[in-house]
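> A structural model of the following input is requested.
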Amino acid sequence: MTCKARILVYLFSGKVEQRPTFARLGLENVLAAILRYFSGAMGWKLTTFFVVVAVAIAVLFSGVLETPPEPLEFQDNYWGRGAKPSPDTKEDEKVYGIIVNVSDSAIADLKNRLLSTRFFEALEDVQFQYGFHRDYMIDLVNYWKTQYDWRKQEAYLNTFLHYKTKIEGIDVHFIRVKPKLKPGQTAKPLLLVHGWPGSVFEFYKMIPMLVDPTSHGGSEDDVFEVIAPSIPGYGFSEVPHKKGFDQIAAGQMFLKLMERLGFEKFYVQGGDWGALITRSMALLKPSVIKGLHMNMPTVKFSAVYGFYLMLGSVAPSLAGLKEEDYDKVYPASRQLFFTLQESGYYHLQASKPDTVGFALNDSPVGLAAYILEKFSTWTNPANRDLSDGGLEKYYTKDDMLTSVMIYWLTGTITSSMRFYKEEFAGKAMETNRMQVTVPTGIASFPHELGHNPEAFCRLFHPNLVHYTLMPDGGHFAAKEKPALLAEDIRTFVKKVESLKSKDE
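Residues are numbered from 1 along each chain as shown. Purely as a prediction, here's the structure:
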């Protein structure tokens, strides 16, 4: 067996008695030879010693193997149509109140398209393993045509105040929810950022828990003022008209938004793209971010990370892994298979988003299948084996269809998918291996797409003050488990405020 083949066997087997390492330039051959030499009858303590030596070598050589990324800086961006205005032209910085109000003709067009849907023949003895099942889609479309009331949902959306303001040439939509404060009481500003295929709608159940904590199990000290923007190209924000709009650009834009609203310092929270955008904000301007809370921490594979992954397979405690971490990370083959099984959308959207956009932007049923299949599997992979994808266990039909309608009525599914292509085109990928220095909190949900143990997260967040292994929930935490996420945000902020008081 070759050295590289042996490495793959070691890493993906996840067995403690075997010795995994990582493939990086030519170093893997040397380390594999060392591990192969000591894979005989020698005791595990001696083997672990050499693994630790290997880790030290990795740390020593990491600076050689990887070029440190350049720090993020503000860019002179313009995302509007046509040429950028001259410096003498001042951008309109006013904030305008808006109301969500869709035309009757748009609703009539939707109903006509639903009536003309062509359904295919479903396979026998298959649930959601092949994707969204035809039989449940027929049921959902019938509800959509006969019982779903957009005007009712529209009124619900308007229970929070909506605004827009122009930043870097395009209109940015956001909701702002202010709490009712007693004399002398103050609220902590909190920016919530959604992901894909989400929108600000995913925060609607959680926002009342944050702005009115005493009615939802919190104390008067837990009150927040919430700002939740739509990522440009998503929902009610304008679509960027030029290529290159990635998580860094979105982070810069939201920093400008918060400054325009008068917030000098504030907390940020996000999952999915929201986690990467808020993380970029903390990298761009850490002085204004009081704390970063994420429910989907993402890190980039690197030399040091690879060796921690290897060390954790042989000696979990030395890598800082807890028992519950080990079963979620190893064997790596299981996670690799799950990633391959669930990442087809990612490769499609990161390569040719506009191509698939024609289909999704033209068929409301196709769009619903594409979005809601993610709601099913990403909430819990076991939902693949259920006839309705487990969707109605977690969400109502109205909730699901309103999430789809926001994309359909705004025509933003294509522009939202472009975000994936931009991730590979610029510097965005490099931010995943930059260290964030602001106080950080992480809520790790058991059915998230991937698990990053606390020890691994600390490599990229040295000021990690809060890490919770959540008891239940998946990728869409704010939508599925709003109470759990709200409570974890409160706990994190209390810790940050306590540390701040001690420093003062």
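
> got the residue ranges for the strands in the stretch 51-200 of the chain?
95-98, 161-167, 170-177, 188-193 (DSSP state E, counting those that start in this stretch).

> deepest in the core, which of the ones you listed is it.
Highest mean neighbour count of the strands of the stretch 51-200 of the chain: strand 188-193, a mean of 25 (counted as mean count of other Cβ atoms under 10 Å). (Each C-beta comes from the backbone N, C-alpha and C, glycine too.)

> tell me which strands it pairs with, and in which orientation.
strand 224-229 (parallel), strand 266-270 (parallel) (DSSP bridges).

> could you identify the helix or strand that succeeds it?
helix 207-211 (DSSP states H and E).

> pull the residues that contact that following helix.
Applying Cβ atoms under 8 Å, 6 or more residues apart in numbering, the contact partners of helix 207-211 are 160, 177-179, 187, 190, 192, 215-218, 222-226, 228, 482-483, 486, 489-490.

> what subset of those is buried?
160, 177, 179, 187, 190, 192, 216, 218, 222-226, 228, 482, 486, 489-490 (16 or more other Cβ atoms under 10 Å).

> any buried residues in stretch 291-310, and which?
Buried-residue list, stretch 291-310, by 16+ other Cβ under 10 Å: 291-298, 302-310.

> can you give me the end-to-end span of that stretch?
From its first residue to its last, stretch 291-310 covers 31 Å (Cα to Cα, to the nearest Å).

> how about the strands paired with strand 188-193 in CSV, adding distance to Tyr204 and mean pLDDT?
As requested, the strands paired with strand 188-193 are arranged in CSV below (distance: least, Cβ to Cβ, whole Å; pLDDT from 0 to 100):
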stretch, distance to Tyr204, mean pLDDT
strand 224-229, 9, 99
strand 266-270, 15, 99
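
> nearest approach to Ser351 belongs to which of those?
Among the strands paired with strand 188-193, strand 266-270 comes nearest to Ser351, with 24.9 Å by Cβ to Cβ.

> who's in contact with Asp92?
By Cβ under 8 Å, 6+ apart, the neighbours of Asp92 are Lys166.

> from the centroid of the chain, which residue is nearest?
Asp272 (0.6 Å; Cα atoms, centre = their mean).

> from Val126, how far off is that one?
28 Å (Cβ to Cβ, to the nearest Å).

> please apply the same query to Pro439.
47 Å.

> and those two? which has more neighbours close in?
Pro439 (24 against 15; other Cβ atoms under 10 Å).

> which ones are touching the more buried one?
Lys290, Gly291, Leu292, Asn463, Val465, Lys495, Val496, Leu499.

> can you confirm the third one is in a helix?
Going back to what we said before, that points to Leu292. No. Assigned with DSSP: H, G, I helix; E, B strand; the rest coil, Leu292 falls outside any helix and is strand.

> so who does it touch?
Here Leu292 is in contact with 267-269, 278-279, 281-282, 436, 438-441, 461 (Cβ under 8 Å, 6+ apart).

> if we can go back for a sec, Tyr407: which of the strands of the stretch 51-200 of the chain is closest?
By Cβ to Cβ (comparing all of the strands of the stretch 51-200 of the chain), the closest turns out to be strand 170-177, at 13.8 Å.

> that closest one pairs with which strands, parallel or anti?
strand 161-167 (antiparallel), strand 224-229 (antiparallel).

> so where's the chain shaky on pLDDT?
Low-confidence segments of the chain, defined by pLDDT under 70, are located at 1-66, 300-304, 504.

> please repeat the previous calculation with a cut-off of 80.
The model of the chain has pLDDT under 80 over residues 1-69, 298-321, 323-324, 326-329, 331-333, 335-336, 426, 501-504.

> rewinding a little: save the strands paired with strand 170-177 as TSV, and put in distance to Asp76 too.
Formatted as TSV, the entries for those read as follows, by distance: least, Cβ to Cβ, whole Å:
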stretch	distance to Asp76
strand 161-167	13
strand 224-229	21
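
> of these, which is nearest Glu259?
When the strands paired with strand 170-177 are compared (using Cβ to Cβ), the closest one is strand 161-167, at 10.1 Å.

> for that closest one, give me every contacting residue.
So strand 161-167 is in contact with 91-100, 171-177, 236-237, 253, 256-257, 260, going by Cβ under 8 Å, 6+ apart.

> run the last query once more with 6 Å
91-92, 95-98, 171-176, 253, 256 (Cβ atoms under 6 Å, 6 or more residues apart in numbering).

> then stretch 391-401?
Tyr143, Trp144, Tyr148, Leu372, Ser376, Thr379, Glu480.

> now do the contacts for the second one.
Neighbouring residues of Trp144 by Cβ under 6 Å, 6+ apart: Leu114, Leu401.

> the same query, at a cut-off of 10 Å, please.
Contacts here follow Cβ atoms under 10 Å, 6 or more residues apart in numbering; on that basis Trp144 touches 110-111, 114, 117, 137, 150, 364-365, 368, 397, 400-401, 404-405.

> could you do the last one as well?
Counting by Cβ under 10 Å, 6+ apart, Glu480 touches 202, 205, 375, 378-380, 393-395, 445, 447, 472-474.

> now the buried members of the residues you listed.
Buried among those by 16+ other Cβ under 10 Å: Glu202, Lys205, Phe375, Trp378, Thr379, Asn380, Tyr394, Tyr395, Phe445, His447, Gly473, Gly474.

> in helices, which of those fall?
Under the assignment DSSP state H, these contribute Phe375, Trp378, Thr379, Tyr394 to helices.

> in strands, which of the buried residues of stretch 291-310 fall?
Among the buried residues of stretch 291-310, the members falling in strands (DSSP state E) are Gly291, Leu292, His293, Met294.

> I'd like to know which of those residues is nearest to Ala249.
Nearest to Ala249 among these, with distances taken as Cβ to Cβ, is Leu292, at 18.3 Å.

> helices of the stretch 351-500 of the chain, start to end?
In the stretch 351-500 of the chain, the segments counted as helices under DSSP state H, counting those that start in this stretch are 353-362, 364-379, 391-394, 397-410, 413-425, 454-460, 477-480, 482-503.

> now those helices in CSV, with distance to Gly198?
As requested, those are exported to CSV (distance: least, Cβ to Cβ, whole Å):
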stretch, distance to Gly198
helix 353-362, 16
helix 364-379, 9
helix 391-394, 14
helix 397-410, 7
helix 413-425, 9
helix 454-460, 22
helix 477-480, 8
helix 482-503, 13
